[in-house]
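Peer 1: what's the 3D shape of this:
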Amino acid sequence: MYKNLAAVIAAACFLSPVFSKPPAPVATPEPLKIGFVYVAPLLDAGWVRQHDEGRRAVEAALGARVKTTYVENVAEGPDAERVIRDLAATGHKLIFTPSFGYMEPTLKVAQEFPELKFESITGYKTAPNVAAANARYYEGRYLAGIAAGRMTRSNLAGYVAGFPIPEVLQGINAFALGMRSVNPKAEVKVVWLNNWFDPTRERDAAMTLFNQNVDVIAFHTGSSAVMVAAQERGKLAVGYHSDMRRIAPDAQIVAVTHQWGNYYTERAQALLDGRWKSGNVWGGVREGMIKVTGFGSKVPKAVQQEVLARQKDIAAGKLHPFHATQAVLNNAGQEVIAKGQTLSDVQILKMNWLVQGVQGQLP
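Peer 2: Numbers count the residues shown, from 1 in each chain. Prediction:
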């Protein structure tokens, strides 16, 4: 009897969940590896800083589902191609390349890795696995021009510019049009650097402009050197890419900031969901990609309110920087926008002229 009872107990123990084989662990999906390539060093403010803020926003929004890496200070050209290829070869499924000169290297590497996705930021060429995106920086430039037009006393603004590509020309022209919309006497003097990031030359160019009666300055380069120069000289300046009041607390009148977090997060989410598609996005104030903010202490409340009101008008589609209430001429005296007309996106993207009120010629 006891022998049979022992057998029953043994069988029961064998069938008990306590002694059953544990279920196999559920495999945790590998995080989506996302790579970013930066054209300049990652500093406290500037072009690269804003894209890195976007990268951080992706991590904050998607958590363990993603793993991001970045490579900074990568020159356009062969170096960029090498870095992009290295990211592709090391398991990165989505690669963002935010610089105009990265466009061709991105396309070349994308052909070699058709299963991966690439995002050419500020580029315009696409492929089945390459999307393009850019922001309407010119909208912010127009708004900054309004502030500069109200604040200048010499009626002469300076502009330190990288390369004479349409994106930069759009900004210069919109800035000048914004200034002259409130101050018809205002003019803009441009210095070309043919470089995106060279703090020493950026600073020298700003100092040269200040020596030529410029009292407010804007720039389209990658560092904060122009802002530092304005602070040193007691001049006024427009922050670009980032709010630069920490760097130039007395100089900054306003900042044209770029907001990439939402776009980067959406594109990463789309790939995770299996709905990523190539395309070409060009967003501005309305989409939240461009925002004018960071008014300095010297800017009167009335000027701040005026700029913010015009920003709302742009967001609502009531104001377009390249709409001509009167015929718009280039600085050679030729009509470039007929009275009552608004430039199309195609025309804006092919811009190759400087508007009346901008001194100098294209290099």
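
Peer 1: Could you tell me how far the residue nearest to K33 when sequence neighbours are not counted is located from W260?
Peer 2: Nearest non-adjacent residue to K33, counting by CB to CB, 6 or more residues apart in numbering: H92, 4.5 Å away. (Glycine included, C-beta is placed from N, CA and C.) For H92, the distance to W260 (CB to CB, to the nearest Å) stands at 18 Å.

Peer 1: about what we covered before: in contact with the residue nearest to K33, which residues?
Peer 2: By CB atoms under 8 Å, 6 or more residues apart in numbering, the contact list for H92 reads K33, I34, G35, T69, L116.

Peer 1: Is my assumption valid that it occupies a position in a helix?
Peer 2: No. According to DSSP: H, G, I helix; E, B strand; the rest coil, H92 belongs to no helix; its state is coil.

Peer 1: V336: which element?
Peer 2: If you go by DSSP states H and E, V336 is part of strand 335-337.

Peer 1: can you check A268 too?
Peer 2: Short version: A268 belongs to helix 261-273, going by DSSP H and E.

Peer 1: gap between that helix and the chain center?
Peer 2: Centroid separation for helix 261-273 versus its chain: 16 Å, with CA atoms, centre = their mean, to the nearest Å.

Peer 1: Counting neighbours, what do you get for L362?
Peer 2: If you count neighbours by other CB atoms under 10 Å, L362 ends up with 11.

Peer 1: Quick one: mean pLDDT for the helix holding A268?
Peer 2: Here helix 261-273 scores 98 as its mean pLDDT.

Peer 1: List of residues touching the helix or strand immediately after that helix in the chain?
Peer 2: Sequence-wise, the next helix or strand downstream of helix 261-273 (DSSP H and E) is strand 280-283. Strand 280-283 is contacted by residues Y124, T126, A131, A132, A133, N134, A135, R136, Y263, M289, I290, D345 when judged by CB under 8 Å, 6+ apart.

Peer 1: Please name the nearest non-neighbouring residue to E81.
Peer 2: Nearest one to E81, counting by CB to CB, 6+ apart, is P105 at 3.8 Å.

Peer 1: ok, that neighbour - contacts?
Peer 2: E76, G77, P78, A80, E81, I84, T97.

Peer 1: Got the confidence number for it?
Peer 2: Per-residue pLDDT puts P105 at 98.

Peer 1: element containing it?
Peer 2: Going by DSSP H and E, P105 is in helix 103-112.

Peer 1: Next secondary structure element downstream of that helix?
Peer 2: strand 117-121.

Peer 1: G101 contacts E76, correct?
Peer 2: Yes. Using CB atoms under 8 Å, G101 is in contact with E76, at 2.9 Å.

Peer 1: Strands of the stretch 151-300 of the chain, residue ranges please.
Peer 2: Assigned by DSSP state E, counting those that start in this stretch, the strands in the stretch 151-300 of the chain fall at 156-161, 187-192, 216-220, 236-241, 252-258, 280-283, 290-293.

Peer 1: To L349, which of those lies closest?
Peer 2: strand 280-283 (8.4 Å; CB to CB).

Peer 1: And the closest one, how far out from the chain middle?
Peer 2: 12 Å.

Peer 1: Any buried residues in it, and which?
Peer 2: V281, G283 (16 or more other CB atoms under 10 Å).
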